[in-house]
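Undergrad: requesting a structural model of the entry that follows:
(one chain, ligands or ions: 1)
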Amino acid sequence: MTSVYAFPSTDQLSEALNQYVEKISAEAIKKHGRFTVAVSGGSLPKLLSANLKQNSRIDFNSWHIFFADERCVPLDHEDSNYLELKKQLLDPLAEQIQPGAVHTIKPELSPEEAAEEYMDQLMAVFAAGDAVKFPVFDLILLGMGPDGHTASLFPGHELLSENIEWVASISDSPKPPKDRITLTFPVLNHAHNVAFVTAGDGKQDMVQKIIEEPEHELPCQRVHPANGTVSWFIDNAAAGKLNPVRLTEFNI
Ligand SMILES: O=C(O)[C@H](O)[C@@H](O)[C@H](O)[C@H](O)COP(=O)(O)O
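TA: Residues are numbered from 1 along each chain as shown. Reported below is the predicted structural model:
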């Protein structure tokens, strides 16, 4: 089940996303004492954090934050997804309400080694003590590239067929920087909830293609958790070419 929510402005998109994340994190923490979330880079951290960073109802201490993908650069490098999330969400949060854990890559490692090490971090959180085939995130927050990529899963790339490893490295990313790690489709498709977040009229062609033309089998279209929900949070600019019948009224 895919729900597409469109909002007149990015401010209203961010507020709706704040309410959605608050609901899912509260349910997860009530159910199993923690909230596990994977965050993408690009424009997502800013759209995610605009209202979330001021939400005093959220128990960030119970959060485990991972990255859906990350560039293999130092954590203080301008291309680092961690740095962007730090700027947009972590730094504005008071010391006593910081997330319980923010799982960053080890940038000094090669992309291959960084992927292996990130797998160890995922195993420690999701498979402590018992064997699991894939981690089950409470929420994975994804962006949509102009070519239909998501995380660092790009159209036509061999990584799209990875169905065993939880984390993969890529050294020929069409979107710079070229060296990255990324969660793989099996992990994305085991999540309880996935939310795509994208805005701007530059995205309207691809949004229309992804939502209305499944035959393309673009990376964004290959995210469909068997036991999970998929939601799109977009602004009216990005929804500009969508048939309005595809839109769902947001009420949470
Ligand atoms: O590390 C990355 O580059 C992102 O995770 C990437 O997958 C991003 O989400 C899309 O490229 C959309 O980026 P924009 O929202 O900035 O267009």
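Undergrad: residue boundaries of the helices in this structure?
TA: 10-32, 44-52, 81-85, 111-126, 185-188, 204-212 (DSSP state H).
Undergrad: make CSV from these and add distance to the ligand to it.
TA: C-beta here means a position set from N, CA and C on the backbone, and glycine is covered the same way. What follows is these, written out as CSV (distance: least, C-beta to the nearest ligand atom, whole Å):
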stretch, distance to the ligand
helix 10-32, 11
helix 44-52, 6
helix 81-85, 5
helix 111-126, 13
helix 185-188, 12
helix 204-212, 10
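Undergrad: nearest to His64, out of those?
TA: Checking these against His64 by C-beta to C-beta gives helix 111-126 as the closest, at 5.6 Å.
Undergrad: returning to what we had before: mind putting the helices of the chain into a markdown table with mean pLDDT?
TA: Below are these laid out as a markdown table (pLDDT from 0 to 100):
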| stretch | mean pLDDT |
| --- | --- |
| helix 10-32 | 98 |
| helix 44-52 | 98 |
| helix 81-85 | 98 |
| helix 111-126 | 98 |
| helix 185-188 | 98 |
| helix 204-212 | 98 |
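Undergrad: could you tell me which residues of the stretch 151-252 of the chain lie near the ligand?
TA: Residues of the stretch 151-252 of the chain found near the ligand (C-beta under 6 Å from any ligand atom) are Ala151, Lys175, Thr198.
Undergrad: ok, 8 Å please
TA: Ala151, Ser152, Lys175, Arg180, Val197, Thr198, Ala199, Gly200, Lys203 (C-beta under 8 Å from any ligand atom).
Undergrad: mind listing what the fifth one touches?
TA: So that's Val197. Leu13, Leu17, Ser43, Leu44, Leu47, Leu48, Leu141, Leu142, Gly143, Trp232, Phe233, Ile234 (C-beta atoms under 8 Å, 6 or more residues apart in numbering).
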